[in-house]
Structures are given as C-alpha cells and as structure tokens.
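Trainee: Sequence and predicted structure below; questions after.
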Amino acid sequence: MKKLLIIISLCIFVAGPLHAGKRDPIGVLFQVKGKVEYTKNGRKWKKVRRNKFLFAGYQIRTGPNGSGKITIKSTGKNFEINPNSIIVVSKKKLNAKKGTISATEASDKLMSGLMKRFTKSQSYTTVRRSHKKKRIKIDAVRKMTLSNDHPYIVWENINKGYNYELMVGNNKYNIPASNDKIVRYKVEPFTGEQIFKITVLKNGKKVVALKKYKSKGEKKDHTVEWLQNDEDKFQEKVNSIQETYGENSFMLGTYFEEKGMWVASMDQYKQYLQENPDEIEMTPYLFRVYKKLKLNKIYKKELEKYKAALLE
C-alpha cells in the first residue's frame, strides 16, 4: 500500500508541471516601451524585451515610463497598458490590479486570425507508442508551398549510409549521403503545382521510395506549389506582421503555417524559440509543424527535452 501511495504521489508531481504545457495562450503582449516586466507565479519578475505570449495566471507590471499593447486571442480586441500598472491575466479577461488598462482599436482580420491558430497545444505533446517492427521507410509532407525566400523541401535522413533522388515534376536532384538528421534541399523555381517523389538509394541501388498517402479512402501524390501569383500581397502581409510584432516574431511563423509554407514556419519558430528560451510554452506549435513535415524522430526527441524542461 505504501509503495502504491509513493507511485501515485510521483505521478501527481510529474503530471502537475506538464499540465502547464497543455495550455494555449490567452493573448500576446507587444510593442513594449520603457520598463515592462512579467511574472508567471506572482513572485519572480522578468523584463519583457520584445513580445510575450500570455497565459492565464500571468501578471504584467509597468514602470513610470512603461507601456505596451495586448491582443486577446478569443476576441481580437486590443488593450493598452498604462504606466505604473499591474495587470492580471485570467482565462476570460484582463484585470487591473493597480493602475489602468484601456481598450484600443481591434486587431485587423489577419492578426486576429493568426492568434486563433494558437489552440489544441496538448494534442502536440502526446506521442502514441508504436509496436510495429522497425523497417526502412521514407515519409514527407503531403502538401507544401515554396517561394523564392523559402525554396526548401525537407525530410528525415534514414542514416549516413543512404543517398537520395528527389523528383519535382520533371526535375531530378541527386542528394549525397550525409550525417545530418534532416535532409534539406533547395529546389529551382517552377510553375503551378508539381508532384514530388523521393527515392532512397544505397550503393546506387533503390532501397525504398516515398509512397502515396491515403486521404478519404483515396491514394494521393505528395505535391509542392510555388508561391507566384500573390507574392506581392503575401509580402505586404509579412511586412504588416513584422511592423506590428517585430521582425523575428512567432506570429510570422504562424502566417507561414496558414499559407502551407511548413519549412518556413519551422525555421521561424525555431529561431524565435532559440532567441527567447523563456517562451517554452509555445514549443508545442513547433511540434505541430514537425508532425506536418513528418519529422517524427526530431519531434519525439525534442518533445522529451520539452517535458524535462517543464519539470526544472
């Protein structure tokens, strides 16, 4: 009985902190000026240097010259925190514990839509265990958009003993073996939507090839599309996001997701999280992209690191 109680206690201890990773942000703090700090637990305060995603229970504190703006995910409404204020973030609203917070113009459709993509983080922090026998196979994203700035196709490297042949439409690319965990290859611009195929080779002989995927009972080819017709409009929205939330913003990665630019999104999220390690709660959205790109080994390895970090 005593052993059972110890096990239950350990399970509660482990499950408690990990639950913190199973939340979605309430809003985002941005365009901070002067002295602005935040706390997760009401005790330890940290300076806000750029943007800060806010979760229920957080508090924001401004100094005599401090201010900032907050976008609320559920409504798209914007608020401005005035100097000498302490704001408490709850699940449904912002409360002024000290000082004042005032409503401003609501976010536009683009920004409001991007905020609403931050949902279901818990579904990216659970891995289903597979008992299937391990065999050599290749998998890749089902659909993806590329552009002049983001022309890469990626997939997991089986190991250093294999090289690859990538076909994009009628263009063939020979990719040498490497030690890299991810194969990342730049393709030349093309028009329209193209089928892409990957063949795994060893000593010049075919080992396995990328198979069609099933969707609604049908087998379909993996495809890529080049961003062309609406590139100017796309860049305008990128500029708008950067002007509002900063050049290296998590929100930009979310916009890349919305456009199906999964590699661009992955790169943006990774850079942001590396530069802002205290934003660890946002890591599950990077996992969402790993799953889309079928980078399963990387996903599982980084998920374990994420869970361990939450326990520290």
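Mentor: Good, I have the coordinates. Numbering: from 1, shown residues only.
Trainee: okay, now T100: neighbour count?
Mentor: T100 sits with 12 neighbouring residues when counted by other Cβ atoms under 10 Å. Backbone N, C-alpha and C define where each C-beta goes, glycine included.
Trainee: Phi and psi next, for it.
Mentor: T100 adopts backbone torsions of phi -140, psi 160, taken as degrees, to the nearest 10.
Trainee: Ok, I241 next?
Mentor: phi -60, psi -40.
Trainee: going forward, begin numbering at 7 instead of 1
Mentor: Happy to do that; since the first residue is 7 now, the last one works out to I247.
Trainee: thought it was touching F256?
Mentor: No: with contact defined as Cβ atoms under 8 Å, I247 does not reach F256; the gap is 10.1 Å.
Trainee: Which residue of those two possesses the greater neighbour count?
Mentor: For I247 against F256, the residue with the higher neighbour count under other Cβ under 10 Å is F256, and the figures read 25 against 21.
Trainee: Grab the nearest non-local neighbour of the more buried one.
Mentor: When the adjacent residues along the chain are set aside, F256 lies closest to Y278, with 4.9 Å between them (Cβ to Cβ, 6 or more residues apart in numbering).
Trainee: I'd like the average pLDDT over the one helix or strand the one you found maps to.
Mentor: Assigning secondary structure by DSSP states H and E places Y278 in helix 268-281. Per-residue pLDDT values over helix 268-281 give a mean of 96.
Trainee: So which elements touch it?
Mentor: Using 3 or more Cβ pairs under 8 Å, 6 or more residues apart in numbering; DSSP states H and E as the contact criterion, the secondary-structure elements in contact with helix 268-281 are strand 149-152, strand 158-162, helix 256-264, helix 289-298.
Trainee: Dump those to CSV, plus mean pLDDT and distance to E86.
Mentor: Formatted as CSV, those follow (pLDDT from 0 to 100; distance: least, Cβ to Cβ, whole Å):
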stretch, mean pLDDT, distance to E86
strand 149-152, 97, 36
strand 158-162, 98, 39
helix 256-264, 94, 18
helix 289-298, 96, 26
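Trainee: do you know which of the ones you listed lies nearest V95?
Mentor: Closest to V95 of the helices and strands packed on helix 268-281, according to Cβ to Cβ: helix 256-264, at 17.3 Å.
Trainee: when you compare where the helix holding Y278 runs with where strand 158-162 runs, what's the angle?
Mentor: Going by axes from the mean of the first three to the mean of the last three Cα atoms, to 10 degrees, helix 268-281 is angled at 80 degrees with respect to strand 158-162.
Trainee: Now do helix 268-281 against helix 256-264, angle only.
Mentor: Going by the same axes, to 10 degrees, helix 268-281 is angled at 160 degrees with respect to helix 256-264.
Trainee: contacting residues around helix 268-281?
Mentor: Where contact means Cβ atoms under 8 Å, 6 or more residues apart in numbering, the residues beyond helix 268-281 that reach it are 147, 150, 152-153, 155-156, 158-160, 190, 254-256, 258-260, 262-263, 285-286, 288-289, 291-292, 295-296, 298-299.
Trainee: are any of those buried, and which?
Mentor: Using 16 or more other Cβ atoms under 10 Å as the burial test, the contacts of helix 268-281 include 147, 150, 152-153, 156, 158-160, 254-256, 258-260, 262-263, 285-286, 288-289, 291-292, 295-296, 298-299 as buried.
Trainee: The protein: helices as residue ranges?
Mentor: Listed in chain order, the helices found in the chain under DSSP state H are 8-25, 115-121, 237-251, 256-264, 268-281, 289-298, 302-317.
Trainee: now those as a markdown table including distance to W51?
Mentor: Rendered in a markdown table, the data for the helices of the chain read as follows (distance: least, Cβ to Cβ, whole Å):
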| stretch | distance to W51 |
| --- | --- |
| helix 8-25 | 20 |
| helix 115-121 | 25 |
| helix 237-251 | 23 |
| helix 256-264 | 22 |
| helix 268-281 | 21 |
| helix 289-298 | 23 |
| helix 302-317 | 20 |
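Trainee: of these, which approaches F202 most closely?
Mentor: Among the helices of the chain, the nearest to F202 by Cβ to Cβ is helix 268-281 (12.9 Å).
Trainee: What is the neighbour count of N88?
Mentor: Here the neighbour count serves as a burial measure; for N88 (other Cβ under 10 Å) it reads 16.
Trainee: who's in contact with it?
Mentor: Residues touching N88, when contacts are defined by Cβ under 8 Å, 6+ apart, comprise T68, S73, G105, T106, I107, S108.
Trainee: So which of the residues you listed are in strands?
Mentor: When strands are assigned by DSSP state E, the members of those inside them are T68, S73, I107, S108.
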